[in-house]
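>>> Return atomic coordinates for the entry below.
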Amino acid sequence: MKICDITKFYAETSGGVKTYITAKARYLMERKGWEHVLIVPGSEDQVIDSGQSRTYLIKGPLIPSYAPYRFLFNPWKVRAVLERERPDIVEIGSPYLVPWVTWLALSGLTWKPAVIGFYHADFPGTYVREFTRPLGETLSVGAERLAWWYARALYNGCTLTLAASPHLVETLTAHGIRRVRRVSLGVDLHLFHPARRDPDFKQRLGLQADHTLLLYVGRLATEKGISTLLDGFVRLPQERYRLLVVGDGPCRPDVETHARTHPTILYAGYETNRERLATVYASSDLFITPSPQEPFGLTVLEAQASGLPVVGVRGGAIANHVPAEAGALARPSDATDLAVTIAQTAARDQAAMRRAARLNAEERFDWNTVLEDLIRAYEEAVKSDE
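Here you go, the predicted structure:
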């Protein structure tokens, strides 16, 4: 069986969607009879062939204020790839322009693959509602309703819609989207491991051994709660705590400004080397994830697999990932409560929380287990589409 992913969320500094697709492609390459194809926008047309997996880059312009992501504009080039590859399943990994380019490309085919939509982000609530809120409650509510009408039109046209968390499945079903199935995401338990802890890591950062090192890894964007993270951190005793921020995105200037004015904030940019990133996780003390509407939270799993306790917020999917013995949850968008929760969690038994975090990742989020479930979903989708 051949799977074709089409998305714009795949670039040099991408996050969770890229991690999911990369893990899936590697997994499929190890299974006899399965192949993987990826279509993404790029700076130029290019084909990267690695045997059972092929990536097609289709030239597209950068999205203003959203680099490094690009528009996927050309349905004729997408159609040419689909004609050449003839996949059994096309998985759409973006709810914006990509689906309509894909539908146009599929309309010219003499055969029809099953089409799966993966609902990676709750865009009506996370983006439309939040970004139209300054226009007033009436317009914001109306814009969100329009976005859900759009979502129903898009995803009810798919053979199946996948969502990674119970929170998203419930949200989609409540808004009238049919044929929704939960398929969890996972983590590489060998790469992200407590054994990667480096006892000299803090010293290389210029920290003392008794400093509590807080870590944020992820996209630097408004919806990720970056302002809550920064505001909450400066409320903590600065002689004890340090914050390391790893990532890139639209809020990078804000992070850099805070790092210049607060020596206790360290900004490391985007880490392209996954092994170095695994060492960063394992060598930190607490992982902080303040996003109030996180659709899944792969970085939380990476932190837990590394034996890192997590402080999150009671919103989105994070609450499903952080058991009480492995961390704590603060009120969403509340910098003061985030600071209090961090201080309380730092005072707990760190060794016990690190063991509980690793155990949670092992028992629930091994990629091999969750991708087996994805394979079953694919097989059922193809069968139902026959």
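>>> give me the element Leu230 is part of.
Assigned by DSSP states H and E, Leu230 belongs to helix 226-233.
>>> Identify all contacting residues around the helix or strand following that helix.
Once helix 226-233 ends, the next helix or strand along the chain (criterion: DSSP H and E) is strand 241-246. Strand 241-246 has contacts (CB atoms under 8 Å, 6 or more residues apart in numbering) with 205, 207, 211-218, 220, 229, 233, 255, 259, 264-271, 277, 280, 284, 288, 342, 346. The way it works is simple: take the backbone N, C-alpha and C, and place the C-beta from them, glycine included.
>>> now the angle between helix 226-233 and strand 241-246, please.
Angle of strand 241-246 versus helix 226-233, following axes from the mean of the first three to the mean of the last three CA atoms, to 10 degrees, is 160 degrees.
>>> pLDDT on strand 241-246, on average?
Averaged across strand 241-246, pLDDT comes to 98.
>>> same deal with stretch 340-347?
98.
>>> what pLDDT does Tyr96 get?
Taking Tyr96 on its own, its pLDDT is 88.
>>> right, and it touches Ile6 too?
No. The criterion here is CB atoms under 8 Å, and Tyr96 misses it with Ile6 at 12.0 Å.
>>> List the contacts of Val187.
For Val187, the contacting residues are 298, 301-302, 304-305, 361, 365-367, by CB under 8 Å, 6+ apart.
>>> now do 7 Å
Contact analysis of Val187 by CB atoms under 7 Å, 6 or more residues apart in numbering lists 301-302, 305, 361, 365, 367.
>>> Which strand residues bridge it?
When assigned by DSSP bridges, Val187 has beta-bridge partners Asp366.
>>> quick one: it and Arg364, what's the gap?
9 Å (CB to CB, to the nearest Å).
>>> next one: phi and psi at the residue of the chain positioned farthest from its centre?
Within the chain, the residue lying farthest from the chain centre (CA atoms, centre = their mean) is Thr110, at 34.6 Å. Main-chain dihedrals, Thr110, degrees, to the nearest 10: phi -90, psi 0.
>>> okay, it: pLDDT?
As predicted, Thr110 sits at a pLDDT of 84.
>>> go on, Glu137?
81.
>>> neighbouring contacts of stretch 214-228?
Contact partners of stretch 214-228, identified using CB under 7 Å, 6+ apart, comprise 15, 126-127, 130, 229, 233, 241-252, 254-255, 280-281, 284-288, 290-293, 299, 333, 335, 338, 342.
>>> among the residues you listed, which are in helices?
Taking DSSP state H, the ones among the contacts of stretch 214-228 that sit in helices are 130, 229, 233, 252, 254-255, 280-281, 299, 335, 338, 342.
>>> And the furthest pair within the residues you listed?
Glu130 and Val280 (29.3 Å; CB to CB).
>>> Have a look at those two and say which one is more surrounded.
A count of neighbours by other CB atoms under 10 Å puts Val280 above the other of Glu130 and Val280, at 25 against 16.
>>> what pairs with the residue nearest to the more buried one when sequence neighbours are not counted across the strands?
Counting by CB to CB, 6 or more residues apart in numbering, Val280 lies nearest to Val246, which is 6.3 Å off, once chain neighbours are set aside. Beta bridges link Val246 to Val217 when assigned by DSSP bridges.
>>> just checking, which of the contacts of strand 241-246 belong to strands?
Under the assignment DSSP state E, the contacts of strand 241-246 contribute 212-217, 265-267, 288 to strands.
>>> ok so, going back, out of the contacts of Val187, the closest to Gly316 would be?
Out of these, the member with the shortest distance to Gly316 (by CB to CB) is Leu301, at 14.2 Å.
>>> re the thing from before, list only those of the contacts of stretch 214-228 flagged as buried.
Buried members of these, scored by 16 or more other CB atoms under 10 Å, are 15, 126-127, 130, 229, 233, 241-252, 255, 280-281, 284-288, 290-293, 299, 333, 335, 338, 342.
>>> And Gly176, how far from Ala114?
For Gly176, the distance to Ala114 equals 21 Å [CB to CB].
>>> contact partners of the least confident helix or strand in the chain by mean pLDDT?
Using mean pLDDT, DSSP states H and E, helix 130-132 stands out as the lowest-scoring helix or strand of the chain, at a mean of 75. Helix 130-132 is contacted by residues 139-140, 143, 223 when judged by CB under 7 Å, 6+ apart.
>>> Same question for stretch 140-153.
95, 123-125, 128-129, 132-133, 175-177.
>>> from those residues, which is closest to Ala319?
Set against Ala319, the nearest of the contacts of stretch 140-153 by CB to CB is Gly125 (15.6 Å).
>>> buried residues in stretch 344-355?
For stretch 344-355, the buried set under the neighbour-count rule, 16+ other CB under 10 Å, comprises 345-346, 350, 353-355.
>>> same thing with stretch 172-190?
Within stretch 172-190, the residues that count as buried by 16+ other CB under 10 Å are 172, 175, 177, 179-189.
>>> returning to what we had before: tabulate the ones in strands among the contacts of strand 241-246 (JSON lines), appending pLDDT.
Listed next are the ones in strands among the contacts of strand 241-246 as JSON lines, based on pLDDT from 0 to 100:
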{"residue": "Thr212", "pLDDT": "97"}
{"residue": "Leu213", "pLDDT": "98"}
{"residue": "Leu214", "pLDDT": "98"}
{"residue": "Leu215", "pLDDT": "98"}
{"residue": "Tyr216", "pLDDT": "98"}
{"residue": "Val217", "pLDDT": "96"}
{"residue": "Ile265", "pLDDT": "97"}
{"residue": "Leu266", "pLDDT": "97"}
{"residue": "Tyr267", "pLDDT": "97"}
{"residue": "Ile288", "pLDDT": "98"}
